[in-house]
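Novice: Would you be able to build a 3D model of this:
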Amino acid sequence: MVILRDLLRCPQSARVAAFATVLALAAPASAPWPSNGLVSGHRERATQPLRVTEGGSQSGPDLGFRSPTSPRYALNRAHAAESAVPIHLPILLAPRTPSLTGLSDDLWRSVVAFTRTHPPSALFPGYAAGPSKAAAQQSVDASCHDFPAFNQHYEGDSHSRGCDVWVPEYLGVMHAAAARRLRADPDEEPLMAMPRREHLAWAIAFLEVAVEAFGRLVAAPDGTSAGGLRDTRMAVWQNPQRIVETVVLSELLRQELEAGEVGGSEADRELRDAASGAIERGAEVSAIAALGWLAAWDGSGRHPSHGVELVTATAAEVGPALASPIIGRLGAVPVAPTRAFTFTWDADKGNTPAEEVLWMGAGALLAERFAGGLLAPDLAEELAAAGRHWVNHAWTSGRFDARHGTTTRTLNQEAEGGAYGQTPGWIENHTDDVPAVPYLGWVGLYLGSALLASPEGGQQPWATLVEDDAHWRDMVASAEATLHAPDGTFLIDWTPGAGLGFSVAGLPLWTTDCAQIWTGRHYVHYDGRAGGEPRYVSEIGHPGGLDLLAAGWPMVRIAAARGDIETGRRWERRMSRVADEYGRNPPEPRSAECGVAPYVSHNEGYHWGRMLSMFVLPWLGADGFEVEGRRDVGGERVDGGG
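Specialist: So this is what the prediction gives:
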């Protein structure tokens with residue numbers, strides 16, 4: 001007989017199998033199984049505001065069952081019948097609060113599988129030389145040399161320079177996360193066969209490269225071609241996004257070095273000195289970028305929304321205190337741009353502001369939490385309050401914004417038109433009248449990132465993040481709508497071994513062939529030319545499973561906090577299925593060769609890092625990482641605030 005105490009100590013897979021056996025034995029033979037039949041791999045939830053149907057060949061939607069004879073399949077049937085079957089096992093059958101904790105190991109196995117299948121040493125030449133800033137820069141140059149400049153839209157090569165920040169952040173966060181994992185379990189096989197100290201050394205080197213490149217994007221122009229890019233449209237728009245992983249990497253390193261386990265040799269002291277300098281610079285550039293956003297965007301007096309035309313504020317308009325605030329040892333820094341830029345949005349026609357608003361709000365919150373000690377207390381609090389406000393009003397079909405006296409809308413409202421009809425609540429981006437699942441992923445990624453700096457701690461949503469039950473239902477319905485075509489087709493292909501691409505083969509007017517740009521087509525057929533199975537990928541080239549990981553992380557957190565067990569468990573199961581599939585069949589970075597987005601390169605190194613980030617950030621979320629509090633320039637911990 002299984003002892004409950006021992007059962008709860010077992011791995012999750014063993015617990016599931018044992019619970020399935022108990023439930024199957026406890027259910028009477030006459031228990032009514034659902035008529036829609038989990039045998040066919042479909043489920044309908046009548047209690048949801050939308051019809052939720054997820055398909056998959058011989059695969060149930062809950063936990064990724066492979067066969068109707070498996071124990072996990074039996075558990076699914078038992079769960080489906082719980083409400084109609086009187087089972088006297090209250091401890092086993094009581095609703096379990098959704099949690100990410102059990103997903104941590106599975107998500108990390110996906111990271112390991114990805115790096116084994118696509119070894120970074122084959123893509124990034126710097127690894128051959130060992131960890132150093134020069135070697136890290138070599139790898140970044142190999143990944144970013146062909147990133148499109150797009151100077152017809154973004155002057156001064158500012159667009160391509162963004163890659164110089166992104167790639168070292170992606171790689172640095174991977175190494176710092178690997179060091180965190182090894183600290184928790186020193187006996188685990190290390191990622192890339194690297195000891196913890198080597199991971200730390202690489203993380204430091206990549207942070208040094210990232211903050212140097214970021215420094216140019218926040219620096220004021222000096223009249224030369226090598227001058228700062230602060231006053232370019234790209235910097236004004238995307239600098240807040242770059243804060244996210246700059247802070248995550250800096251804080252991960254700070255926590256790992258604070259935990260000790262790095263020796264006292266001369267080489268160790270040099271490593272610590274390099275880390276301290278890079279972390280300090282990470283705090284400074286994050287503060288500069290965040291305050292530049294506070295001046296230009298929040299200082300505009302408007303909030304992004306459907307139909308809004310927002311003109312960013314300039315240094316002359318916001319006044320000297322905000323245009324050139326005091327930032328730690330740097331003194332007064334001219335953070336505000338001297339040029340204004342106009343931005344508009346149409347949530348009904350492929351141009352939601354949701355993703356941008358969330359990366360801006362998340363960047364502000366993370367910068368304040370990590371670097372707020374460099375600022376005057378009232379300015380730090382102003383930054384945090386603005387960040388929370390922007391996150392609060394990022395994902396909504398109509399939330400009143402008392403601060404600006406307007407109603408914010410970031411979601412589609414159209415119910416007709418388009419190739420196959422439309423569903424209100426869709427997140428649309430870059431393509432009219434098509435649900436943009438990749439942007440649901442990025443909305444989730446930045447919402448989860450904002451929770452890393454929650455004033456409540458523990459990645460818990462703050463009181464005003466979700467206005468009320470109606471707003472939460474709005475967010476849940478939007479996610480489900482974006483994951484479904486109007487005819488109910490679930491837009492992720494659950495077929496085992498197929499890479500979790502997009503299930504859009506039956507929606508040809510939404511798709512295009514490899515590398516063929518057709519107006520109105522959002523999903524691209526990767527034909528397997530570079531390896532792996534053919535599948536439909538995003539306009540950039542990644543498969544849909546990554547979007548479920550990114551969106552699932554904050555959905556589980558918020559659902560658990562609100563007591564919405566059904567929503568939380570649904571997203572928890574989705575994340576588990578993705579982690580299971582990618583632990584065996586990792587995504588293929590070379591599928592980006594078929595991408596149609598003109599604003600990114602097809603460089604495998606860039607896409608390798610970008611895809612990896614969509615594993616590692618949700619893993620950090622599941623592992624309980626958070627940015628712990630503000631620090632002053634000397635490193636002393638002060639109140640996290642806000």
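Novice: quick one: the residue nearest to the spatial centre of the chain from Y439, how far?
Specialist: Nearest residue to the geometric centre of the chain (Cα atoms, centre = their mean): L445, 2.1 Å. Going from L445 to Y439 by Cβ to Cβ, to the nearest Å gives 10 Å. Bear in mind the C-beta positions are built from the backbone N, C-alpha and C, glycine included.
Novice: ok so, going back, thought L546 was touching the residue nearest to the centre of the chain, still the case?
Specialist: No: using Cβ atoms under 8 Å, L445 and L546 do not qualify as a contacting pair, with a distance of 9.4 Å.
Novice: quick revisit: the residue nearest to the centre of the chain sits in which helix or strand?
Specialist: Assigned by DSSP states H and E, L445 belongs to helix 437-451.
Novice: quick one on the thing from earlier: so what's the residue nearest to the centre of the chain closest to, chain neighbours aside?
Specialist: Excluding its sequence neighbours, the residue lying closest to L445 (Cβ to Cβ, 6 or more residues apart in numbering) is A550, at 4.1 Å.
Novice: Can you get me a residue count around that neighbour?
Specialist: Neighbourhood size, A550 [other Cβ atoms under 10 Å]: 28.
Novice: Test for you: state the pLDDT assigned to it.
Specialist: The score at A550 is 98. That number is its pLDDT.
Novice: packing partners for whichever strand or helix holds it?
Specialist: Using DSSP H and E, A550 maps to helix 545-562. Here helix 545-562 touches helix 437-451, helix 469-482, helix 565-584, helix 604-622, going by 3 or more Cβ pairs under 8 Å, 6 or more residues apart in numbering; DSSP states H and E.
Novice: The longest one: which residues count as buried?
Specialist: When you say that, I think you mean helix 565-584. For helix 565-584, a neighbour-count test (16 or more other Cβ atoms under 10 Å) marks 567-583 as buried.
Novice: what's the answer for stretch 504-524, then?
Specialist: 504, 507, 510-512, 514-515, 521-524.
Novice: And those, which two are furthest apart?
Specialist: Of all pairs drawn from the buried residues of stretch 504-524, the greatest distance, 19.4 Å, lies between L507 and A515 (Cβ to Cβ).
Novice: can you pull the contacts of the nearest residue in space to N239 that is not next to it in sequence?
Specialist: Counting by Cβ to Cβ, 6+ apart, N239 lies nearest to A289, which is 4.2 Å off, once chain neighbours are set aside. By Cβ atoms under 8 Å, 6 or more residues apart in numbering, A289 lies in contact with 214, 217-218, 239-240, 242-243, 335, 363, 367.
Novice: try 10 Å this time
Specialist: Taking Cβ atoms under 10 Å, 6 or more residues apart in numbering, we find A289 in contact with 214-215, 217-218, 230, 235, 238-243, 246, 335, 363-364, 367, 371.
Novice: how about the helices and strands packed on helix 545-562, which one is nearest G126?
Specialist: G126 lies closest, by Cβ to Cβ, to one member of these: helix 604-622, at 10.6 Å.
Novice: so the closest one versus helix 565-584, what angle?
Specialist: Angle, helix 604-622 to helix 565-584, by axes from the mean of the first three to the mean of the last three Cα atoms, to 10 degrees: 140 degrees.
Novice: for helix 604-622, packing partners?
Specialist: Contacts defined by 3 or more Cβ pairs under 10 Å, 6 or more residues apart in numbering; DSSP states H and E place helix 604-622 against helix 104-117, helix 133-144, helix 163-184, helix 233-258, helix 437-451, helix 545-562, helix 565-584.
Novice: at 8 Å what do you get?
Specialist: helix 104-117, helix 133-144, helix 163-184, helix 233-258, helix 437-451, helix 545-562.
Novice: what about stretch 224-235, average pLDDT?
Specialist: Regarding stretch 224-235, the rounded mean pLDDT is 89.
Novice: May I have the residues that are in contact with the residue nearest to the centre of the chain?
Specialist: Residues near L445 by Cβ under 8 Å, 6+ apart: 550-551, 553, 614, 617-618.
Novice: Surely D564 and W472 touch.
Specialist: Yes: using Cβ under 8 Å, D564 makes contact with W472 at a distance of 7.0 Å.
Novice: Using CSV, please lay out the buried residues of stretch 504-524 together with secondary structure, pLDDT and distance to V173.
Specialist: Formatted as CSV, the buried residues of stretch 504-524 follow (DSSP: H, G, I helix; E, B strand; the rest coil; pLDDT from 0 to 100; distance: Cβ to Cβ, whole Å):
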residue, secondary structure, pLDDT, distance to V173
V504, coil, 98, 31
L507, coil, 97, 35
W510, helix, 97, 33
T511, strand, 97, 33
T512, strand, 96, 32
C514, coil, 95, 30
A515, coil, 91, 30
R521, coil, 91, 33
H522, coil, 93, 28
Y523, strand, 97, 28
V524, strand, 97, 27
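Novice: Give the buried residues for stretch 447-463.
Specialist: 447-454, 459-462.
Novice: Now S613: closest residue in space, sequence neighbours ignored.
Specialist: Take S613 and drop its neighbours on the chain: the residue closest to it by Cβ to Cβ, 6+ apart is Y170, 4.8 Å away.
Novice: If you tally nearby residues, what's the number for the one you found?
Specialist: For Y170, the count of nearby residues is 26 (other Cβ under 10 Å).
Novice: and if you look at W472?
Specialist: Counted with other Cβ under 10 Å, the neighbours of W472 add up to 19.
Novice: Could I get the full set of helices for the stretch 251-400 of the chain?
Specialist: Under the criterion DSSP state H, counting those that start in this stretch, helices of the stretch 251-400 of the chain are mapped to 266-296, 315-318, 320-323, 354-371, 377-392.
Novice: Quickly name whichever of the contacts of L445 is closest to S397.
Specialist: S397 has its nearest neighbour among the contacts of L445 in A551, at 17.1 Å by Cβ to Cβ.
Novice: separation between that closest one and R574?
Specialist: 9 Å.
Novice: what about V596, distance to G162?
Specialist: 19 Å.
Novice: Between these two, which has more neighbouring residues?
Specialist: More crowded of V596 and G162, by other Cβ under 10 Å: G162, with 25 against 21.
Novice: just checking, that one touches R242?
Specialist: Yes: G162 lies in contact with R242 (Cβ under 8 Å); the separation is 7.2 Å.
Novice: tell me, what's touching these two both at once?
Specialist: L217.
Novice: number of nearby residues for D469?
Specialist: Neighbours of D469 using other Cβ under 10 Å come to 10.
Novice: brain fart, G417
Specialist: Around G417 sit 12 other residues, with neighbours defined as other Cβ under 10 Å.
Novice: mind checking how far the nearest residue to it once chain neighbours are set aside is from R388?
Specialist: What sits nearest to G417 in space, not counting adjacent residues and going by Cβ to Cβ, 6+ apart, is D433, at 5.8 Å. Using Cβ to Cβ, we find D433 at a distance of 32 Å from R388.
Novice: State the phi and psi torsions of the closest residue in space to V357 that isn't next to it in sequence.
Specialist: Here the nearest residue to V357 in space, its sequence neighbours aside, is A394; by Cβ to Cβ, 6+ apart that works out to 4.0 Å. Taking degrees, to the nearest 10, you get phi -90, psi -30 for the backbone angles of A394.
Novice: And the one 4 residues further on, by the same measure?
Specialist: Its backbone dihedrals place G398 at phi 160, psi 80, with angles given as degrees, to the nearest 10.
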